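Asks: need a 3D model of the sequence below.
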Amino acid sequence: MKSAVMRISSLISRSGQYLLAIVLIASITAIFFGLQDMLDTTLIALLYLIPLGLITAYWGLGPGITGALITFLTLNYFFIPPYYTLAVHRPTDVVILVIFLVVAVVISQLVGRMQASLIAATAREREATQLYELSIALTGLHSEYAIAQILAKQVQEVSQGEYVEVNITGTESLSFHLPEIKLPARAPELIAPIQAARGVHGEILLWKSTPVIASGEKRLLETFASQGALALERARLSQAESRARVLEESDHLKSILLSSVSHELRTPLSTIKAAASSLRGNEVSWNSPARVELVAAIDDEADHLNMLVGNLLDMSRIESGALKPKREWNILSEIVGSVLARMRHSADEHKLEIDIPETLPFVPVDYVQMEQVFTNLVSNSLKYAPSNTLIRIRANMEGDTVHVQVSNQGPHVPPEHLERIFDKFYRITAADRVTGTGLGLSICKGIIEAHGGRIWAENIPDGLAFNFILPLTWDGAHPPQLPMDTEIE
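Replies: Purely as a prediction, here's the structure:
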């Protein structure tokens, strides 16, 4: 019923164009008839061509041809002798009428084709603009829901549909529709599959209050569906690529971790096993000086193992965001002194210099974590700096921060590696030449940043220096005053 009403409405509108053409020709004829004494017949025929061109330009080729035939008859009836009859006596008048009819029809056709070409070009331009807008909107989208949302909005704007629904099929089916009203009870007027080379990814359903969908509109909506299919394939390929990259990186890190840990754990375990076996087998007497060395080796290698396992655990906590500093007001020199006392055996082949002023205020840090930072930095310096060289630890205030520098006289690091040496498992020197898991500096960076500070490395004239800064304020509070020493007599 609704379809029949729409067809009748379209027919009435089309009939109105023909009626307006006839009315316009009649009005022009009345004007020419009043001026008949002042106008020549040939001039009247030429003037008739103007309204014919306008009729064709505004109302189409059909009304234009109809107007040309009516004008031919009115010209013969009113302006060619004998008047008020369709008979023609003079051959020249016959020629005038024939030429007029041919010219009128040709002009109507030319204007009609020009108008049709203009309409087609405008439609193509509009389609190209709409496709471009859709392509821009879909660019960079990696969410299937976002793609469905954009498709529904664009289809709604282009078609002015009553209801639009976009269904996406795949691992997780989803649906998006516009507007937020109840689904119409009737079947959709258009179903456009979202199909690409890999198969059908879904469909676009369109309900229109006017059931008739033009072929151009249908073609445009099917192109929209194709663009949506390409966007979905691009998003799914991007997701697959991201998953593959994550798996590849995970496998790479796992291989590095297994290789590094297995290599690092084997050395201290072998040392501990050999020392323990010597002591247990009575190969070394209890009064021998070698016993003290073996016990010290077991103690040192056990500390080394403990540091390796601690680094792995700390790195896992840093990556999971579980490394939360338990801050307290601490004296930096005490932390450094505790670290150096524990590392006195491993550092006996190097010279250590501490330059931390007594006036340095308290720093709000986690004591254990800062011990780990200094342990890793000093351990790194011991590995790379030659024997009998100087390792210096300095600290000074810079505004509301404290600046700490741990420097050594080891080799310079190429500038392109200065930032990357804080990455996990990143090592400049081959693993068979220098021991370590490649996690120490990365853990230092995680701890310093968790305290709100910053760490970096730089080449200095006589070696390499690690620098970090820490804020001296904690939740807006400033460091407490250091106690004053008093002499007791």
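Asks: just checking, T223 touches A128?
Replies: No: the pair T223 and A128 fails to qualify as a contact (Cβ atoms under 8 Å) at a distance of 10.4 Å. Just so you know, the C-beta spots here come from the backbone N, C-alpha and C atoms, and that holds for glycine as well.
Asks: more crowded one of these two?
Replies: Between T223 and A128, counted using other Cβ atoms under 10 Å, T223 has the larger neighbour count: 15 against 10.
Asks: how many neighbours does T271 have?
Replies: Neighbours of T271 using other Cβ under 10 Å come to 18.
Asks: so which strand or helix has it?
Replies: Here T271 is covered by helix 215-280, with elements defined by DSSP states H and E.
Asks: tell me the mean pLDDT for that helix?
Replies: Model confidence over helix 215-280, given as mean pLDDT, is 76.
Asks: what packs against that helix?
Replies: Here helix 215-280 touches helix 91-138, helix 144-159, strand 190-196, strand 199-207, helix 289-320, going by 3 or more Cβ pairs under 8 Å, 6 or more residues apart in numbering; DSSP states H and E.
Asks: got the ones you listed as TSV, with distance to A57 and mean pLDDT columns?
Replies: Formatted as TSV, the helices and strands packed on helix 215-280 follow (distance: least, Cβ to Cβ, whole Å; pLDDT from 0 to 100):
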stretch	distance to A57	mean pLDDT
helix 91-138	5	79
helix 144-159	27	86
strand 190-196	32	87
strand 199-207	33	87
helix 289-320	72	72
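Asks: would you format those as CSV with distance to K351 included?
Replies: As requested, the helices and strands packed on helix 215-280 are arranged in CSV below (distance: least, Cβ to Cβ, whole Å):
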stretch, distance to K351
helix 91-138, 65
helix 144-159, 62
strand 190-196, 70
strand 199-207, 69
helix 289-320, 20
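Asks: need the contact list for R454.
Replies: Listed by Cβ atoms under 8 Å, 6 or more residues apart in numbering, the contact partners of R454 are 448, 468-469.
Asks: go with 6 Å
Replies: Residues in contact with R454 (Cβ atoms under 6 Å, 6 or more residues apart in numbering) are I469.
Asks: try H345
Replies: H345 neighbours (Cβ under 6 Å, 6+ apart): D300.
Asks: now do the same end-to-end measure for stretch 354-362.
Replies: As for stretch 354-362, its first-to-last residue distance stands at 17 Å under the measure Cα to Cα, to the nearest Å.
Asks: from Q154, how far out is V164?
Replies: Applying Cβ to Cβ, to the nearest Å, one obtains 9 Å for the distance of V164 from Q154.
Asks: more neighbours, the two?
Replies: The residue with the greater number of neighbours, taking V164 and Q154 and applying other Cβ under 10 Å, is V164; the counts read 26 against 22.
Asks: and that one, helix, strand or coil?
Replies: Following DSSP: H, G, I helix; E, B strand; the rest coil, V164 is assigned to strand.
Asks: hang on, isn't it packed against V155?
Replies: Yes: the pair V164 and V155 passes the contact test of Cβ atoms under 6 Å, sitting 5.0 Å apart.
Asks: looks to me like P184 is in a strand.
Replies: No: counting by three-state DSSP, P184 is not found in a strand; it is coil.
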